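# With the input below, show me the fold.
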Amino acid sequence: MKLVVRVIEAKNLPPTDLNGLSDPYVRLQLGKQRHKTKVIKKCLNPRWDEEFSFRVDDLNEELVISVMDEDKFFNDDFVGQLKVPMSLVFEEEIKSLGTAWYTLQPKSKKSKNKEPGEVRLSIYFQQKSAAADTNGNGDQLLHARKSADGATESPPSRSSATSSSSSPAREETSSSKEEKSGTQKTLTGRIAQIFNKGSSDMPSTPTRRSIDSEQFEIIKEEVSEIKAEDTSSNETFEEAMSKIQTADQGSEVPSNFSGGLLVDQHYMSAPKDLNTLLFSSDSTFLKSLAEVQGSTELQVGPWKFENGGDCFKRLVSYTKAPSKLIKAVKAFEEHTYLKADGKNFAVMAIVSTPEVMYGSTFKVELLYLITPGPELPSGEQCSHLVISWRMNFLQSTMMKGMIENGARQGMKESFDQYATLLSQMVKPVDMKDLSSSKEQALASLQAEPQSDWKLAVQYFANFIVLSTVLMGLYVVVHIWLSAPSTIQGLEFVGLDLPDSVGELVVCAVLVLQCERVLSLISRFIQARAQKGSDHGIKAQGDGWLLTVALIEGSNLASVDSSAFSDPYVVFTCNGKTRTSSIKFQKSNPLWNEIFEFDAMDDPPSVLDVEVYDFDGPFDEAVSLGHAEINFLKANISDLADIWIPLEGKLALACQSKLHLRIFLDNTRGANVAKDYLSKMEKEVGKKINLRSPQTNSAFQKLFGLPPEEFLINDFTCHLKRKMPLQGRLFLSARIIGFHANLFGNKTKFFFLWEDIEDIQVIPATFSSMGSPSVLMTLRPGRGRDARHGAKTLDEQGRLKFHFQSFVSFNVAHRTIMALWKAKSLSPEQKVQLVEEESETKTLASEESGTFLGMHDVSMSEIHSCTFPIPASYFMEIFSGGELDRRVMEKSGSQNYSYTPWVSENSEVFERAIYYKFEKRVSRYKGEVTSTQQKSPLPDGKGWLVEEVMNFHGIQLGDYFSVHLRYQVEDLPPKAKGCKVVVAYGVEWLKSTKHQKRIAKNIVQNLQERLNLMFTVAERELVPK
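Numbers count the residues shown, from 1 in each chain. Reported below is the predicted structural model:
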């Protein structure tokens, strides 16, 4: 007979080293056969999860299990031991003691460690007959725990890998003489067992009498406890799911395993029903799958709660059909529920095949993930099934690459059969057909009807308003009842001053209350009048069209005392923004608004979502949360109906979410890749060939990219870290990726072009093998998934990547720079684009040199001052030199850049400028692009500078532009100096009821900015 012992883990081991820890391992001995587990360094609660087998020739023998502490310089220390008689295991009906915790015993009563700890074991006899193995009893599958650690095909589906028998290096076998007499000993032992079957209390041989009776009773009690637990599990699968759902307190859905996807399909079934079909004990799916794959001896154990109900598991075993390369082998699986909340289900399967070559060195882990799919046009529920896998090597082996390839090939074949069978039982959903229902899904959206009176009652029914009204009524009644007071002090007819401190306090309270009520009324009127500036705007052009439907929000944070907020949402993609309407006093707002982005030449990479609380276009916008949707990591079909959790302190505290429907369509079809490559060829100056579908598919699979991503070029190079790593650099329209496979050790990562802040060329050195290097610096906080490939991380949190030893450096560098520039525009390029648009639209100039729009805008004086310097000297702040830059930067302008002054005619000059406001200057940070013109005054004694400012990235910034006129004129000769008068005007590009409030904010911010700018100019220009 064959005894199988699985050493799982230990706990509460006593420290034996000076550092307060131990280096434990387990030594097992049965007769002359010995095994040993691996050593776990510096641990008191180690986990081994290793399995060993023994040949049992005499049932009177004992299995001695000793826990030891490794010592490099002296003899290993003894921790505790356990003795298990073989007759005790054989007497069990199922020939198994199950899986249980056993208390270790000290070497002697005088030992220092009175409590050596506990060890968790699984001990059972593995018989030759499959019928004797189980008889339909799930408890007999307890031995499959170990098997769930390897790799082959799962019950009918999993991996077909390579493997071997367990731990041949550790095993010490008996002599050939003992093997020859094994049959006789086994027969003798069985005859003795038959004669002593009814008297288990009496020892049958002298060897049996030597067993420690106290330890024997402990083992018997533990085995009886296991039996009691097993027989008490009578819950149905549905009841167990309900129990798990109750205990699931919002845990996250696990991410797909790194090995890749085996199945990724939508099915016309509710997630709960699909989960029942795949994993219920009453389901016939596994039996049908076994028949399709040719698997035999399928044993499906019952689902059981372990570890006090924290873990819900079952065990499955089967014999995989033989293939051309591998004979029929036994496979074991352990299924464990990671999540089951009624909508999302996650099951992890650990598969092992100990009989195949190197089977003890690895496990195959599978993740079954069932999530709700998009809503179908028919109203039926849809589920999304994703099965991913990964290899878990328990020991290092040079055959790692071969094992992975064999497992991958076997699982692909098995899960193709798995998906085919499932499609016959449950109708699959074609997401292409579902995407055609985009118009239907968006047409069903209707804005929430809102009554102004109902909202007014809801908004004004608070303590501030009610207390103000009561105080006002009280004062009115008091005035009506009281007689007029006599004039005294500094009073006169028409002016009644407070006569005491109490009256002064009451007046102050009334004024403050009225001011707050008026502010509430103003905000109410503005919020009700605000409409989404981009709602309903249809996309233009041909290419990639992005459509975002903003449905609703949930649990949005409040930033004022009313416990509500006035939220609006800003969507940003490829530098373009779309803004929703403002919802008044809502924590769970309903928008039902649709936004479309103009067609883009290449597919977008990221959609940024930011939720703000409205408090004026120039006041500081409080962020209620933000989210980032990465189109490279998300499945487009999953975005058709999705709840996005928001990030940020306020959002995380309130668990805020947004309900979105996102659709990304390509109107050019297959021509997108060709058009993009043609554009890149002009930048690179070299022909770029369109890659084959097979190459693109392999590229997408390598980095887990969506189907629309296409490979542009790839180069052999070295990644410079501590040691250069040779691999290939892959370039596409949205990412730059690196992959290397050195002796089975794979390194791969990618990041977005938008993540790159700067690209530098480092001259060739001896270490770079005579080839220049490319240094890529990412923006702070970006590319964290690729940090294992970075050479350094600077103090500002920027990752730096070094690539060197390109075969053709010039081609590689030109391609990299062209792709980067296409996705990341510099400030100068933004100014140039704005300038080109201005020439054809609002900023066209007349021959006189004044802006066409200036005559249509009412200008008002906003600032005036004098300087003790000539006007020509003062104009240095508009010269475009170092003084100009210094004044603007000290005035709070970040990233300040400008174009040279260009002569429009003999006396008129024009330039474009770009900058960002610092927060200390403008509480609402934003970008400004403006065009300036300067011309001499008619009398020649000064200059006239006219400017049109356009704001980007601020709320309602596309509703208006600000016009400024600087008139710099020399004072009379006796005064010695110049006078500067600044006038402003607002040109309204769109109609809005917020004009008064916006104009007030503009005046306030302009005054502060001009005061600061001229103060800095005076310090720079006027000599001390």
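
# which other helices and strands contact the one helix or strand S388 maps to?
In this assignment (DSSP states H and E), S388 forms part of strand 383-393. Here strand 383-393 touches strand 260-267, helix 271-279, strand 362-372, helix 400-425, going by 3 or more C-beta pairs under 8 Å, 6 or more residues apart in numbering; DSSP states H and E. Every C-beta, even on glycine, is put in place using the N, C-alpha and C of the backbone.

# Dump the ones you listed to a markdown table, plus distance to K720, mean neighbour count and mean pLDDT.
Formatted as a markdown table, the helices and strands packed on strand 383-393 follow (distance: least, C-beta to C-beta, whole Å; neighbours: other C-beta atoms under 10 Å; pLDDT from 0 to 100):
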| stretch | distance to K720 | mean neighbour count | mean pLDDT |
| --- | --- | --- | --- |
| strand 260-267 | 28 | 19 | 88 |
| helix 271-279 | 47 | 20 | 92 |
| strand 362-372 | 32 | 23 | 91 |
| helix 400-425 | 25 | 18 | 88 |
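
# Name the nearest residue to I123, ignoring sequence neighbours.
L97 (4.5 Å; C-beta to C-beta, 6 or more residues apart in numbering).

# Average pLDDT for the lengthiest helix in the chain, rounded please.
For the chain, the helix with the greatest residue count under DSSP state H is helix 501-529. The average pLDDT within helix 501-529 is 75.

# Tell me the helix or strand right after it.
Next element after helix 501-529 (DSSP H and E): strand 544-554.

# List of residues touching the next helix or strand after that following strand?
On the C-terminal side of strand 544-554, the closest following helix or strand by DSSP H and E is strand 567-573. With contacts defined as C-beta atoms under 8 Å, 6 or more residues apart in numbering, strand 567-573 is touched by 530, 532, 546, 548, 550, 553, 556, 577-583, 586, 589, 591, 595, 597, 604, 606-614, 624, 658, 955.

# which among these end up buried?
530, 532, 546, 548, 550, 553, 556, 577-583, 586, 589, 591, 595, 597, 604, 606-607, 609-614, 624, 658, 955 (16 or more other C-beta atoms under 10 Å).

# Low-confidence ranges, the stretch 101-250 of the chain, go.
112, 127-234, 249-250 (pLDDT under 70).

# OK, contacts around K679?
Counted by C-beta under 8 Å, 6+ apart, K679 has contacts D601, A822.

# Look up how far V622 lies from F90.
73 Å (C-beta to C-beta, to the nearest Å).

# And L30, by the same measure?
71 Å.

# how close does the closest residue to N19 other than its chain neighbours sit to M888?
Of all residues not flanking N19 in the chain, K42 sits nearest, at 7.1 Å (C-beta to C-beta, 6+ apart). Here the criterion is C-beta to C-beta. By it, K42 lies 59 Å from M888.

# Looking at those two, which has the bigger crowd around it?
Shown here are K42 and M888; by other C-beta atoms under 10 Å, M888 has more neighbours (20 against 13).

# OK, contacts around that one?
Counting by C-beta under 8 Å, 6+ apart, M888 has contacts Y896, Y915, M1013.

# could you check the distance from the residue nearest to N19 over to P15?
In terms of C-beta to C-beta, K42 sits 10 Å off from P15.

# shared neighbours, these two?
The contact lists of K42 and P15 share L21, S22, where a contact means C-beta under 8 Å, 6+ apart.

# tell me the SS of A1017?
Secondary structure assignment for A1017 (DSSP: H, G, I helix; E, B strand; the rest coil): helix.

# Repeat that for F597.
Quick answer, by three-state DSSP: F597 is strand.

# Give the residue spans of the stretch 751-900 of the chain that score low on pLDDT.
Those would be 766-770, 824-856, if you go by pLDDT under 70 across the stretch 751-900 of the chain.

# Okay, strands next: where are they in it?
Here the stretch 751-900 of the chain has its strands, by DSSP state E, counting those that start in this stretch, at 756-762, 773-778, 792-793, 799-804, 860-867, 893-898.
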